[in-house]
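# Need coordinates for the following:
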Amino acid sequence: MIRLFANKAAWTVLGVIAIAGAALTISRSDFGSAASSTDVVSVPAARPAPPLPSPDGRVVEVTTEPMLQEAIRALASNTTIVLGPGTYHLTSTLWISGTLSNVGIRGATGNRDDVVLVGDGMRGSATVGAPHGIWTGGDVRGVTIADLTIRDVPQHPLIFNAGTQRPHVHNVRLVDAGQQFIKANPDGAGGGVNDGMIEYSLIEYTQTAKDSYTNGVDVHTGANWVIRHNEFRNIVSPARAGLAGPAVLMWHGSKGTLTEGNTFLNCARGISYGLEEKPGFDHHGGIIRDNFFFRSREQPGDVGILVADSPETQVLNNSVFVSGTYPTPIEYRFVGSHRVIIARNRLDGAIQSRDGATALEHENRTDDRAVVQR
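Numbering: from 1, shown residues only. From the prediction side, this is the model:
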């Protein structure tokens, strides 16, 4: 079934989808494998993280928190700090600043549970000690953070500020953050942190956030990010504290994001490309593909996937089950969301256009009452 939500005269479907005078060619391979028709759906198992190549350049091995802080202060380009197994109680945020390229912080064993960086708790001080886990800024080009856990910090486990480019987060566990788990900030002049990759990681609250001001990933004005094969758990606020932010929020002029193969369990909201109506666009383009979102009927929440003021975005082959907690698990919103394609998704509710948004809806399976099991 094909449903057209736009000026119907503008659409044709002949192997090529023509939209408002422009053509987008969509092959079957763009959709991934189709969802099966079984009435029982299993939550995808976490994908094992493939090992990264050995670090290039100099390697500095540390085994204590004072050694780690000293290595951070002395960090130079083409250097990777490798942490031995253990728990490192942070006395200060790990500040990575200046003109640097090809730097990294990695656990020694490849098992992210072997190396744990611990802060003062998500309700700890935001001004002294270690408000963040790792902070980057200035002119940091290429930073890898891999094979470790960061937990219990008052603000952000990972924060990438303007001047950072190509951050790579691989096989990391982030637990109980005071604010957003991973935040990328703009430069105030129309640019931001570009070409980021977050993969094979676990981002979770053990219970809930301390309030509603949280996201799993929050990127402002970032281009060409890839967020793949991660698991997001319990990105929710306490009862009567308002609605927690989307687990993945790409906005404020971000563009070209690929979010694929992720699992979202009991999150208030899932993936949001754009959030508000802005001059120009809040997000542009990008693909949301092959993700799995499940929320139990006991957990209040909102939309699973939202395309808001984000033109030319594709939403393909996702499974979104909200267990009756919200009537429209996939939405597209605002006039700026046009030339959007929503195809071959499976969801237990309706797909909704809001505030003048237009999209092509193709072969979606809505109002699916499948049973989800782990």
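
# how much space between the closest residue to Leu90 other than its chain neighbours and Phe292?
Spatial nearest neighbour of Leu90, chain neighbours left out: Ala130 (3.8 Å); criterion: CB to CB, 6 or more residues apart in numbering. Just so you know, the C-beta spots here come from the backbone N, C-alpha and C atoms, and that holds for glycine as well. As for Ala130, its distance to Phe292 is 34 Å (criterion: CB to CB, to the nearest Å).

# show me where the stretch 101-250 of the chain has strands.
Taking DSSP state E, counting those that start in this stretch, the strands of the stretch 101-250 of the chain run over residues 115-118, 134-151, 158-160, 165-175, 182-184, 197-199, 202-204, 217-220, 226-228, 231-233, 248-251.

# For Ile271, find the nearest of those.
Distance to Ile271, taken as CB to CB, is lowest for strand 248-251 among the strands of the stretch 101-250 of the chain, at 4.6 Å.

# Quick one: name whatever helix or strand follows the closest one.
Using DSSP states H and E, the helix or strand that follows strand 248-251 in sequence is strand 254-255.

# helices or strands next to that next one in the packing?
Contact partners of strand 254-255 among helices and strands, from 3 or more CB pairs under 8 Å, 6 or more residues apart in numbering; DSSP states H and E: strand 283-284.

# coming back round to it: pipe the strands of the stretch 101-250 of the chain into JSON lines and attach mean pLDDT per row.
Below are the strands of the stretch 101-250 of the chain laid out as JSON lines (pLDDT from 0 to 100):
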{"stretch": "strand 115-118", "mean pLDDT": "98"}
{"stretch": "strand 134-151", "mean pLDDT": "98"}
{"stretch": "strand 158-160", "mean pLDDT": "98"}
{"stretch": "strand 165-175", "mean pLDDT": "98"}
{"stretch": "strand 182-184", "mean pLDDT": "98"}
{"stretch": "strand 197-199", "mean pLDDT": "98"}
{"stretch": "strand 202-204", "mean pLDDT": "98"}
{"stretch": "strand 217-220", "mean pLDDT": "98"}
{"stretch": "strand 226-228", "mean pLDDT": "99"}
{"stretch": "strand 231-233", "mean pLDDT": "98"}
{"stretch": "strand 248-251", "mean pLDDT": "98"}
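
# Turn those strands into JSON lines, columns for distance to Thr328 and mean neighbour count.
Output for the strands of the stretch 101-250 of the chain, formatted as JSON lines (distance: least, CB to CB, whole Å; neighbours: other CB atoms under 10 Å):
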{"stretch": "strand 115-118", "distance to Thr328": "39", "mean neighbour count": "22"}
{"stretch": "strand 134-151", "distance to Thr328": "34", "mean neighbour count": "22"}
{"stretch": "strand 158-160", "distance to Thr328": "32", "mean neighbour count": "27"}
{"stretch": "strand 165-175", "distance to Thr328": "29", "mean neighbour count": "22"}
{"stretch": "strand 182-184", "distance to Thr328": "27", "mean neighbour count": "25"}
{"stretch": "strand 197-199", "distance to Thr328": "27", "mean neighbour count": "21"}
{"stretch": "strand 202-204", "distance to Thr328": "25", "mean neighbour count": "23"}
{"stretch": "strand 217-220", "distance to Thr328": "23", "mean neighbour count": "26"}
{"stretch": "strand 226-228", "distance to Thr328": "23", "mean neighbour count": "21"}
{"stretch": "strand 231-233", "distance to Thr328": "20", "mean neighbour count": "23"}
{"stretch": "strand 248-251", "distance to Thr328": "18", "mean neighbour count": "28"}
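
# All set now, cheers.
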